[in-house]
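Asks: Next comes the sequence, and after it the predicted model I'd like to discuss.
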Amino acid sequence: MYILYDVVDKVATITLNRPETANAQNSDLLDELDAAWTRAAEDPEVAVIVLRAEGKHFSSGHDLNDDKWPKPDDITLEWIIAAESRRYLEYSLRWRNVPKPSIAAVQGKCIAGGLLLVWPCDLIVASDDASFSDPVVLMGIGGVEYHGHTWELGARKAKEILFTARPVTAEEAEKVGMVNRVVPRDQLDAETRALAEHIATMPPFGLRQAKRAVNQTLDVQGFYAAIQSVFDVHQTGHGNALSVSGYPILVNLEEMKAKIR
(Lines give C-alpha, C1' and ligand atoms only; values in the text may rest on other atoms or scores of the structure.)
Protein backbone atom coordinates (compact mmCIF):
# COMPACT_ATOMS: atom_id res chain seq x y z
CA MET A 1 0.00 0.00 0.00
CA TYR A 2 2.75 2.46 0.95
CA ILE A 3 5.91 0.95 -0.56
CA LEU A 4 6.90 0.38 -4.20
CA TYR A 5 9.53 -2.22 -5.05
CA ASP A 6 11.36 -3.17 -8.22
CA VAL A 7 14.61 -4.80 -9.32
CA VAL A 8 16.48 -3.83 -12.48
CA ASP A 9 20.06 -4.81 -13.34
CA LYS A 10 20.89 -6.07 -9.84
CA VAL A 11 19.61 -2.88 -8.15
CA ALA A 12 16.54 -3.11 -5.91
CA THR A 13 14.69 0.19 -5.57
CA ILE A 14 12.49 0.65 -2.51
CA THR A 15 10.22 3.70 -2.76
CA LEU A 16 8.22 5.40 -0.03
CA ASN A 17 4.88 6.08 -1.67
CA ARG A 18 2.80 8.18 0.68
CA PRO A 19 3.47 11.64 -0.82
CA GLU A 20 0.15 13.13 0.29
CA THR A 21 1.48 13.05 3.88
CA ALA A 22 5.08 13.86 2.91
CA ASN A 23 5.75 10.13 3.46
CA ALA A 24 4.84 10.20 7.14
CA GLN A 25 5.60 6.80 8.64
CA ASN A 26 2.68 4.95 10.15
CA SER A 27 2.96 1.38 11.40
CA ASP A 28 1.82 -0.16 8.11
CA LEU A 29 4.39 1.80 6.08
CA LEU A 30 7.21 0.72 8.38
CA ASP A 31 6.13 -2.93 8.32
CA GLU A 32 5.94 -2.85 4.51
CA LEU A 33 9.33 -1.13 4.36
CA ASP A 34 10.92 -3.79 6.56
CA ALA A 35 9.43 -6.49 4.35
CA ALA A 36 10.91 -4.80 1.27
CA TRP A 37 14.36 -4.62 2.89
CA THR A 38 14.12 -8.32 3.78
CA ARG A 39 13.04 -9.18 0.23
CA ALA A 40 16.03 -7.33 -1.23
CA ALA A 41 18.44 -8.82 1.30
CA GLU A 42 17.35 -12.37 0.50
CA ASP A 43 17.20 -12.02 -3.30
CA PRO A 44 20.43 -13.39 -4.86
CA GLU A 45 19.78 -11.24 -7.95
CA VAL A 46 20.05 -8.03 -5.89
CA ALA A 47 23.51 -6.53 -5.39
CA VAL A 48 22.64 -2.99 -4.25
CA ILE A 49 19.60 -1.47 -2.52
CA VAL A 50 18.35 2.06 -3.21
CA LEU A 51 15.89 3.76 -0.85
CA ARG A 52 14.01 6.73 -2.32
CA ALA A 53 10.70 8.56 -1.90
CA GLU A 54 7.95 9.95 -4.07
CA GLY A 55 6.84 13.56 -3.73
CA LYS A 56 8.31 16.87 -2.62
CA HIS A 57 9.79 15.58 0.65
CA PHE A 58 11.62 12.40 1.59
CA SER A 59 9.80 11.99 4.91
CA SER A 60 8.09 14.15 7.50
CA GLY A 61 8.89 11.54 10.15
CA HIS A 62 6.69 9.37 12.31
CA ASP A 63 2.95 9.69 11.84
CA LEU A 64 1.81 10.55 15.35
CA ASN A 65 -1.80 10.23 14.16
CA ASP A 66 -1.23 6.54 13.45
CA ASP A 67 -4.54 4.78 14.07
CA LYS A 68 -2.68 1.81 15.57
CA TRP A 69 -1.55 3.93 18.50
CA PRO A 70 -3.81 3.96 21.59
CA LYS A 71 -5.68 7.12 22.54
CA PRO A 72 -3.45 9.57 24.50
CA ASP A 73 -5.02 8.74 27.87
CA ASP A 74 -4.55 5.00 27.25
CA ILE A 75 -0.85 5.10 26.36
CA THR A 76 1.58 3.48 28.81
CA LEU A 77 5.36 3.54 28.87
CA GLU A 78 5.40 -0.25 28.57
CA TRP A 79 3.40 -0.01 25.31
CA ILE A 80 5.65 2.73 23.92
CA ILE A 81 8.88 0.84 24.62
CA ALA A 82 7.53 -2.35 23.04
CA ALA A 83 6.29 -0.53 19.92
CA GLU A 84 9.38 1.63 19.46
CA SER A 85 11.81 -1.20 20.19
CA ARG A 86 10.38 -3.10 17.25
CA ARG A 87 9.56 -0.54 14.57
CA TYR A 88 12.08 2.20 15.32
CA LEU A 89 15.16 0.58 16.88
CA GLU A 90 15.08 -3.03 15.67
CA TYR A 91 14.08 -2.17 12.11
CA SER A 92 16.75 0.53 11.72
CA LEU A 93 19.50 -1.73 13.08
CA ARG A 94 18.39 -4.59 10.84
CA TRP A 95 18.50 -2.37 7.73
CA ARG A 96 21.95 -1.11 8.74
CA ASN A 97 23.24 -4.67 8.94
CA VAL A 98 21.84 -5.99 5.66
CA PRO A 99 25.02 -7.39 4.04
CA LYS A 100 24.53 -5.51 0.77
CA PRO A 101 25.42 -1.89 -0.03
CA SER A 102 22.52 0.53 0.34
CA ILE A 103 22.04 4.10 -0.86
CA ALA A 104 19.44 6.62 0.31
CA ALA A 105 18.32 9.27 -2.18
CA VAL A 106 16.95 12.22 -0.19
CA GLN A 107 15.01 15.25 -1.40
CA GLY A 108 13.23 18.03 0.46
CA LYS A 109 12.70 17.57 4.18
CA CYS A 110 13.92 14.56 6.14
CA ILE A 111 12.56 15.10 9.64
CA ALA A 112 13.08 13.11 12.87
CA GLY A 113 11.82 9.61 12.02
CA GLY A 114 13.07 10.18 8.49
CA LEU A 115 16.58 9.99 9.88
CA LEU A 116 15.85 6.45 11.07
CA LEU A 117 15.40 5.49 7.42
CA VAL A 118 18.47 7.18 5.90
CA TRP A 119 21.11 6.78 8.62
CA PRO A 120 21.06 2.96 8.39
CA CYS A 121 21.96 3.24 4.68
CA ASP A 122 25.63 2.97 3.72
CA LEU A 123 25.62 6.01 1.44
CA ILE A 124 23.42 9.09 1.15
CA VAL A 125 22.93 11.13 -2.02
CA ALA A 126 21.01 14.35 -1.33
CA SER A 127 19.39 16.88 -3.61
CA ASP A 128 20.54 20.46 -3.21
CA ASP A 129 17.22 21.36 -1.56
CA ALA A 130 17.40 18.57 1.02
CA SER A 131 17.53 19.25 4.75
CA PHE A 132 17.79 17.01 7.80
CA SER A 133 16.34 17.80 11.23
CA ASP A 134 15.42 16.29 14.56
CA PRO A 135 13.18 18.84 16.32
CA VAL A 136 11.79 16.53 18.99
CA VAL A 137 13.32 18.59 21.81
CA LEU A 138 10.26 20.77 21.12
CA MET A 139 8.24 17.76 22.28
CA GLY A 140 10.28 17.32 25.45
CA ILE A 141 12.42 14.45 24.12
CA GLY A 142 16.19 14.54 23.65
CA GLY A 143 16.28 13.06 20.14
CA VAL A 144 14.76 10.30 18.04
CA GLU A 145 15.02 6.66 19.01
CA TYR A 146 18.01 5.69 16.83
CA HIS A 147 20.76 8.01 18.03
CA GLY A 148 22.91 8.33 14.96
CA HIS A 149 23.39 12.05 15.61
CA THR A 150 26.79 11.95 17.32
CA TRP A 151 28.19 9.39 14.89
CA GLU A 152 26.87 11.10 11.77
CA LEU A 153 27.52 14.74 12.66
CA GLY A 154 30.10 14.83 15.44
CA ALA A 155 29.35 15.79 19.03
CA ARG A 156 29.13 19.58 18.74
CA LYS A 157 27.09 19.67 15.55
CA ALA A 158 24.80 16.99 16.99
CA LYS A 159 24.21 19.13 20.08
CA GLU A 160 23.58 22.21 17.94
CA ILE A 161 20.84 20.67 15.83
CA LEU A 162 19.22 19.08 18.89
CA PHE A 163 19.41 22.22 21.04
CA THR A 164 18.11 24.55 18.31
CA ALA A 165 15.83 22.17 16.35
CA ARG A 166 17.14 23.76 13.16
CA PRO A 167 17.62 21.73 9.98
CA VAL A 168 21.02 20.82 8.59
CA THR A 169 21.32 21.63 4.90
CA ALA A 170 22.57 19.11 2.37
CA GLU A 171 25.75 21.18 1.94
CA GLU A 172 26.43 21.17 5.70
CA ALA A 173 25.75 17.44 5.88
CA GLU A 174 28.21 16.78 3.08
CA LYS A 175 30.91 18.84 4.82
CA VAL A 176 30.72 16.73 7.99
CA GLY A 177 30.55 13.46 6.06
CA MET A 178 26.92 12.53 6.71
CA VAL A 179 26.08 12.91 3.02
CA ASN A 180 28.29 11.53 0.24
CA ARG A 181 27.10 13.68 -2.65
CA VAL A 182 24.86 16.71 -3.23
CA VAL A 183 23.27 16.94 -6.66
CA PRO A 184 20.64 19.11 -8.38
CA ARG A 185 17.09 18.00 -7.54
CA ASP A 186 16.31 16.99 -11.10
CA GLN A 187 19.38 14.74 -11.21
CA LEU A 188 18.87 12.95 -7.88
CA ASP A 189 17.43 9.70 -9.21
CA ALA A 190 19.83 9.51 -12.17
CA GLU A 191 22.93 10.18 -10.06
CA THR A 192 21.85 7.69 -7.41
CA ARG A 193 21.08 5.08 -10.04
CA ALA A 194 24.48 5.55 -11.71
CA LEU A 195 26.25 5.13 -8.39
CA ALA A 196 24.22 2.01 -7.56
CA GLU A 197 24.90 0.45 -10.96
CA HIS A 198 28.64 1.08 -10.60
CA ILE A 199 28.74 -0.53 -7.16
CA ALA A 200 26.70 -3.47 -8.50
CA THR A 201 29.59 -4.34 -10.85
CA MET A 202 31.88 -5.05 -7.90
CA PRO A 203 32.36 -8.61 -6.52
CA PRO A 204 29.48 -9.26 -4.09
CA PHE A 205 31.64 -10.97 -1.48
CA GLY A 206 34.12 -8.09 -1.51
CA LEU A 207 31.27 -5.60 -0.98
CA ARG A 208 29.88 -7.66 1.88
CA GLN A 209 33.25 -7.86 3.60
CA ALA A 210 33.98 -4.16 3.10
CA LYS A 211 30.65 -3.23 4.66
CA ARG A 212 31.21 -5.62 7.55
CA ALA A 213 34.68 -4.18 8.17
CA VAL A 214 33.38 -0.62 8.48
CA ASN A 215 30.32 -1.52 10.55
CA GLN A 216 32.36 -3.75 12.86
CA THR A 217 34.85 -0.92 13.38
CA LEU A 218 32.03 1.41 14.41
CA ASP A 219 30.67 -1.24 16.77
CA VAL A 220 34.10 -1.73 18.37
CA GLN A 221 34.18 2.04 18.89
CA GLY A 222 30.89 1.76 20.77
CA PHE A 223 28.19 2.43 18.18
CA TYR A 224 25.91 -0.50 19.00
CA ALA A 225 26.15 -0.07 22.78
CA ALA A 226 25.53 3.68 22.46
CA ILE A 227 22.46 3.14 20.25
CA GLN A 228 20.97 0.79 22.86
CA SER A 229 21.82 3.10 25.76
CA VAL A 230 20.43 6.26 24.18
CA PHE A 231 17.21 4.45 23.27
CA ASP A 232 16.66 4.16 27.02
CA VAL A 233 17.42 7.86 27.43
CA HIS A 234 14.80 8.56 24.76
CA GLN A 235 12.22 6.68 26.82
CA THR A 236 12.70 9.05 29.78
CA GLY A 237 11.16 11.73 27.56
CA HIS A 238 8.07 9.61 27.11
CA GLY A 239 8.03 8.86 30.82
CA ASN A 240 8.13 12.56 31.64
CA ALA A 241 5.32 13.29 29.18
CA LEU A 242 3.18 10.50 30.58
CA SER A 243 3.39 12.11 34.00
CA VAL A 244 1.30 14.97 32.59
CA SER A 245 -2.38 14.34 31.82
CA GLY A 246 -3.24 13.87 28.17
CA TYR A 247 0.22 12.89 26.97
CA PRO A 248 1.23 16.33 25.60
CA ILE A 249 3.74 14.88 23.12
CA LEU A 250 0.73 14.12 20.93
CA VAL A 251 -1.43 17.02 22.04
CA ASN A 252 1.27 19.56 21.11
CA LEU A 253 2.01 18.01 17.72
CA GLU A 254 0.47 20.80 15.66
CA GLU A 255 2.38 23.46 17.61
CA MET A 256 5.63 21.60 16.93
CA LYS A 257 4.85 21.28 13.22
CA ALA A 258 4.20 25.01 12.99
CA LYS A 259 7.63 25.79 14.46
CA ILE A 260 9.55 23.62 11.98
CA ARG A 261 7.85 24.69 8.74
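Replies: Sure thing, it's come through. Being a predicted model, the structure only gives us computed values, none of them experimental. Residues are numbered from 1 along each chain as shown.
Asks: which secondary structure elements does the biggest helix by length in the chain contact?
Replies: If you go by DSSP state H, the chain has its longest helix at helix 223-242. If contacts are counted by 3 or more Cβ pairs under 8 Å, 6 or more residues apart in numbering; DSSP states H and E, helix 223-242 sits against helix 77-84, helix 149-153, helix 248-251. Glycine gets a C-beta too; all of them are placed from N, C-alpha and C.
Asks: how about those, which one is nearest T217?
Replies: Nearest to T217 among those is helix 149-153 (11.6 Å), distances taken as Cβ to Cβ.
Asks: And the contacts of that closest one?
Replies: Contacts with helix 149-153, where a contact means Cβ atoms under 8 Å, 6 or more residues apart in numbering, come from 119, 134, 143, 158, 161-162, 168, 173, 176-178, 218, 223, 226.
Asks: can you tell me the average pLDDT over that helix?
Replies: Across helix 149-153, the average pLDDT comes to 97.
Asks: and the nearest residue to T169 once chain neighbours are set aside, how many neighbours?
Replies: Using Cβ to Cβ, 6 or more residues apart in numbering and skipping residues adjacent in sequence, the residue nearest T169 is S131, 5.5 Å away. Neighbours of S131 under the rule other Cβ atoms under 10 Å: 22.
Asks: Phi first, then psi, for A200.
Replies: When quoted as degrees, to the nearest 10, the phi and psi of A200 stand at phi -70, psi -10.
Asks: Tell me how far it lies from D63.
Replies: 33 Å (Cβ to Cβ, to the nearest Å).
Asks: between the two, which one's more packed in?
Replies: Here A200 and D63 are set side by side on neighbour count (other Cβ under 10 Å), and the busier one is D63, at 22 against 17.
Asks: circling back to that earlier point, what does the average pLDDT come to for the longest helix of the chain?
Replies: 92.
Asks: I'd like the distance from it to the chain centre, please.
Replies: 17 Å (Cα atoms, centre = their mean, to the nearest Å).
Asks: Buried among the contacts of helix 149-153? Make that a ChimeraX selection.
Replies: In ChimeraX syntax, the buried subset of those is picked out as below (16 or more other Cβ atoms under 10 Å):
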select :119,134,143,158,161,162,168,173,178,223,226
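Asks: how about TSV for the contacts of helix 149-153, with distance to E42 and secondary structure added?
Replies: Shown next, in TSV, are the contacts of helix 149-153 (distance: Cβ to Cβ, whole Å; DSSP: H, G, I helix; E, B strand; the rest coil):
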residue	distance to E42	secondary structure
W119	23	coil
D134	32	coil
G143	32	coil
A158	34	helix
I161	36	helix
L162	36	helix
V168	34	strand
A173	31	helix
V176	34	coil
G177	31	coil
M178	29	coil
L218	24	helix
F223	25	helix
A226	29	helix
